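Trainee: dropping a prediction and its sequence here:
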Amino acid sequence: MYKKPSAKGGTAIRRLMTEYKQLINDGPDGISAGPIDEDNFFEWECLIQGPEDTPFEGGVFPATLTFPKDYPLSPPTMKFTCEMFHPNVYKDGTVCISILHPPGDDPNMYESASERWSPIQSVEKILISVMSMLAEPNDESGANIDACKVWRNDRAEYGRIVKANVRKTLGL
Amino acid sequence: MMSGQDSEVNQDDTSAGTINPSDYVTEELDDVTILRLTQEIKDHEASKTPLVGELKPISVLLDEYADSTFRAKIKALGGGSTGYRPIRGDGNCAWRAFAFRFFEFAQSYAPDQIAELKSRIMSLTKLLNEAGYNENGYIDFVEETESLFDRLPGLTTETLVSEFNNMEVSSAVIVHFRLLAAAYVKTHAEDYMPFIDDGEGTTIEEYCNRQIEAFAVEADHLALSALVNAVGVADLGVVYMDRSEGEDAVVHTFEPMSASAKERMKIDLLYRPGHYDIFYR
């Protein structure tokens, strides 16, 4: 009997549910993520703790992940919903790192060695990359030019701005 | 597009009177938008042709070429062929062409042969584990291939074409085959490293990430060799229809290093610069 192939978007939802379960049961420290509304698996909210020994330490940074219907063939987009002063985060909060782009899709000319999106990557790997991006900005692929300048030329000022944002995210 | 960025970052803020790119760059299309729009145009163009098309006589290609080298080669091919099957040019064409032809052969097999082939391909999941892939990352693709094998005895060539024109089915099989090829490279590093070593320190992991695992990145020679070795039940002939000298197209054959099947499928692809279709002898 000829059986109709699976419905559109089914793979994406199945995969997102698996990843959600995995993150709940065995997610990395300092990260939590999941759908905003369990009726819509394509919009997630996540919280990332600022890495220790960086100006981001002590902060908890909220962001959204928006998944395409063909996830995981294509990557999600990630956007911080708090104030974020960082060389690799656009002023509107959009995160710009290599793992969020497949090879060939090169808006910021990432180093050739940097890890790219492929269907074997995961939300967990993205969030871990974002954590290490907070600790170590990549000034070769700047998204926020002002943050790039300050980070390069005045590290003390960079620290002050970031710490002020940390206090804001904590409601202080 | 972003070439001005480095100098811009280094520019002194107090340089009044000079043009500061950030003053107007934000008013224009940003690079992300330009990339997105370019991709949308490409996707739109690609979507005009099916993922897997109908079998056509090779002479149809003559209408596409005025160049005498190409025409001579097409005519020479015509002698020994039954035709070609066009595949959408979306960066996955070699993978999709191989996967379709693989299942087209399989579809013509007796049920017990199909079962044997299925267990051979499913047994390769251990290769994915050896390569260090997380099961959550590959399981959906592997299951889609498995389910296609289960439907196969009930399919005809025509319904197999519809299966492969279903984006979800087609994409899953492609990702599965890509991962098998990448896993083969990772677990046979000593064989492949000499070809990956570009003097810039590219690692096996980086090569696989960028050239094989990523969806819609075109297969290179190494990827095809790894695919043939991983699958192990098919020889792949690539007929090169390019501007090189001679009236006959050059054929490069990939054979699995350790073939598990006594009789192997003969998959042929027709290569024209930048694109693969399926070739039928």
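Mentor: Nice, thanks for sending it over.
Trainee: so where do the strands sit in chain A?
Mentor: If DSSP state E is used as the criterion, the strands of chain A fall at A:31-37, A:40-49, A:60-66, A:77-80.
Trainee: next, count neighbours for the residue lying closest to B:Y133 once chain neighbours are set aside.
Mentor: Once flanking residues are discounted, B:Y133 sits nearest to A:I120: 5.8 Å by C-beta to C-beta, 6 or more residues apart in numbering or on different chains. In this view, the C-beta of every residue, glycine as well, is placed from N, C-alpha and C. Residues within reach of A:I120, counting by other C-beta atoms under 10 Å in any protein chain shown, total 24.
Trainee: what about A:I120, distance to B:G137?
Mentor: Look at A:I120 and B:G137: by C-beta to C-beta, to the nearest Å, they are 4 Å apart.
Trainee: stretch A:48-67 near chain B anywhere?
Mentor: No. Against chain B, stretch A:48-67 shows no contacts by C-beta under 8 Å from any C-beta of the partner chain, the least distance being 13.7 Å.
Trainee: residue ranges with poor pLDDT in chain A?
Mentor: Within chain A, the segments meeting pLDDT under 70 span A:1-9, A:105-113.
Trainee: returning to that earlier point: so for A:I120 and B:G137, which residues contact both of them?
Mentor: Both A:I120 and B:G137 are contacted by A:P72, under the criterion C-beta atoms under 8 Å, 6 or more residues apart in numbering or on different chains.
Trainee: how about the helices in chain A?
Mentor: A:10-26, A:123-135, A:145-153, A:155-169 (DSSP state H).
Trainee: now check the shortest one, is it near chain B?
Mentor: Yes. Judged by C-beta under 8 Å from any C-beta, helix A:145-153 comes into contact with chain B through A:145, A:148-149, A:152.
Trainee: just the buried residues of the residues you listed.
Mentor: With burial judged by 16 or more other C-beta atoms under 10 Å in any protein chain shown, the buried subset of the residues of helix A:145-153 next to chain B is A:145, A:148-149.
Trainee: residue of chain A nearest chain B, please.
Mentor: A:S118 (3.8 Å; C-beta to the nearest C-beta).
Trainee: and the stretch 101-250 of chain B, which residues reach chain A?
Mentor: So the stretch 101-250 of chain B meets chain A at B:133-134, B:136-141, B:144, B:151, B:154-155, B:159, B:163, B:166-169, B:171-172, B:175, B:179, B:200-202, B:206, B:209-211, B:213-217 (C-beta under 8 Å from any C-beta).
Trainee: mind listing what's buried in the top helix by length along chain B?
Mentor: Scanning chain B for the longest helix, with DSSP H as the assignment, gives helix B:167-187. Neighbour-count burial for helix B:167-187, counted by 16+ other C-beta under 10 Å, picks out B:168-187.
Trainee: helix or strand right after that helix?
Mentor: The first helix or strand that comes after helix B:167-187 along the chain, using DSSP states H and E, is helix B:189-196.
Trainee: for A:G34, see how far away A:I161 is.
Mentor: On the measure of C-beta to C-beta, A:I161 and A:G34 end up 30 Å apart.
Trainee: cool, and B:A219?
Mentor: Taken as C-beta to C-beta, the span from B:A219 to A:G34 is 36 Å.
Trainee: so for these two, which residue has more residues nearby?
Mentor: Remark: of B:A219 and A:G34, B:A219 carries more neighbours, 24 against 19, as counted by other C-beta under 10 Å.
Trainee: mind listing what that one touches?
Mentor: Contact analysis of B:A219 by C-beta under 8 Å, 6+ apart lists B:94-95, B:212, B:227, B:276.
Trainee: got these as CSV, with secondary structure columns?
Mentor: Rendered in CSV, the data for those read as follows (DSSP: H, G, I helix; E, B strand; the rest coil):
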residue, secondary structure
B:A94, helix
B:W95, helix
B:I212, helix
B:L227, helix
B:Y276, strand
